[in-house]
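In: please find the sequence and the predicted model below.
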Amino acid sequence: MQTIFDTIKKVAIKIDHTIKTEDLGYSDSSNTSGEEQLKLDVKCDFLIEEAFKDISIVKALVSEEKEGVMELHEGGKYTICYDPLDGSSLADVNLSVGTIFGIYEGELKGENLVASAYVVYGPRIELMIATKESKPMHYRAQEGLFDFIDEVSLDEKGKLNAPGGTQQHWCDYHKTFVDDLFAEGYRLRYSGGMVPDLHQILLKGGGIFSYPGTSDKPDGKLRQLFEVIPFAFMYEQAGGQAINDKGMRLMELVPAHPHDTSPCFFGSNYEINALKEAYGVQN
Ligand code: AFP
C-alpha cells in the first residue's frame, strides 16, 4: 500500500504544477456524467493513469472522468477509484480544488474500501491519508516533498456548516435543519469544492457537510465510489459519522453502477445525530 501512497504524493506535485501552468479552457469532450470536461480534467486524469499503470499491485483503475474499468495487472490486489480534479470548475476563479482516491480490495463497495486519500491544491498542497489502522494522517508539501504534520480527530461538536445543493430544491425539513444550525451560531463555510470544504471541517475541529437528495437530484450529486465512500471513511476514522438520508452508514453503500451518486452527510457526532433526528432516522 505504501507504493500507492508514494505514487499519490508524486502525481499530486505534477497535478499542482499543471493547475498552475496549463490552459483552463474546455476540451471538446464530456465525461460519463455528461459534464463538459475541462482540459485540466483530461490532463489530470492522464497523469494519474500514467502514474499507476506500471504498479503491479494495482489491479485496475476507475476514473470519474471515464466510463468503465481500466484493467492493469491481473495479479494486482487493489482497485483505485479516483476523481482526478474534483471541483475543477473552481480553478478558473482561483479557488482550491482537489483529487480524491478510494482504494478498494475486491468488489467495488463501501465495506471493501481499505484506504482513502485526498489532495488539496490551494495556497499549499496538502494531503490526507486514512487506513483502517489509523486516524487520517495530514501532510503538507514543501519544495515537492510531503512532510507529516499530525493525525486528525473531529471534536464531538463543531462550529462549521457546509450546506450543499440548490436551496430552492431542498425539502422543508432539510432547510429547517440547516437554518437551525445557523440559529445556533454555526458559521457558513461552503466553496462548492467538496475537497477543500470537507478538509476545512476536518482541520477546524468539526461541524457538518451536507449534500442532500433534492427535488431536481433525488439521489444527490456526489459519486459514491470516487467521492462519498472515500470521505465517509476519512470522517469515520477521524471519530465522526457519515450517513445517507435514510440514516445508513455511507460505508455500507453498494453502487449498482460505478457512477452512482448518493445523498451524503459527513460530520461530528453532535451534528449528524441532530440530522438523524431532523430526518426521523435515529437508529
Ligand atoms: P464540479 O466538479 O462540477 O465543480 O462540482 C464539484 C462538486 O462535485 C463537489 O466538489 C462539490 O461539493 C459539489 O459539486 C458542489 O455542488 P453544488 O454547486 O450543487 O453545491
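Out: Received the coordinates, thanks.
In: in what helix or strand does residue 114 lie?
Out: Counting by DSSP states H and E, the element that carries residue 114 is strand 113-121.
In: same for the helix or strand following that strand, what does it pack against?
Out: Sequence order places strand 125-131 as the next helix or strand after strand 113-121, per DSSP H and E. Under the contact definition 3 or more Cβ pairs under 8 Å, 6 or more residues apart in numbering; DSSP states H and E, strand 125-131 sits against helix 2-21, strand 113-121, strand 137-142, helix 194-203, helix 229-237. C-beta here means a position set from N, CA and C on the backbone, and glycine is covered the same way.
In: of all those, which lies closest to the ligand?
Out: helix 194-203 (3.3 Å; Cβ to the nearest ligand atom).
In: got the residues of this structure near the ligand?
Out: 86-90, 164-166, 192-194, 221 (Cβ under 6 Å from any ligand atom).
In: would you mind giving those as TSV with neighbour count and pLDDT added?
Out: Output for these, formatted as TSV (neighbours: other Cβ atoms under 10 Å; pLDDT from 0 to 100):
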residue	neighbour count	pLDDT
86	25	97
87	19	94
88	22	91
89	18	89
90	18	94
164	20	98
165	20	96
166	11	95
192	13	97
193	23	98
194	26	98
221	20	97
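In: point out where the stretch 1-150 of the chain drops to low pLDDT.
Out: Within the stretch 1-150 of the chain, the set of residues satisfying pLDDT under 70 comprises 24, 26, 32, 34, 36.
In: just to revisit the earlier point, looking at the residues of the chain next to the ligand, which are in helices?
Out: residue 194 (DSSP state H).
In: could you dump the residues of the chain next to the ligand to JSON lines with distance to residue 212?
Out: What follows is the residues of the chain next to the ligand, written out as JSON lines (distance: Cβ to Cβ, whole Å):
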{"residue": "86", "distance to residue 212": "19"}
{"residue": "87", "distance to residue 212": "19"}
{"residue": "88", "distance to residue 212": "23"}
{"residue": "89", "distance to residue 212": "21"}
{"residue": "90", "distance to residue 212": "21"}
{"residue": "164", "distance to residue 212": "8"}
{"residue": "165", "distance to residue 212": "6"}
{"residue": "166", "distance to residue 212": "10"}
{"residue": "192", "distance to residue 212": "15"}
{"residue": "193", "distance to residue 212": "18"}
{"residue": "194", "distance to residue 212": "14"}
{"residue": "221", "distance to residue 212": "10"}
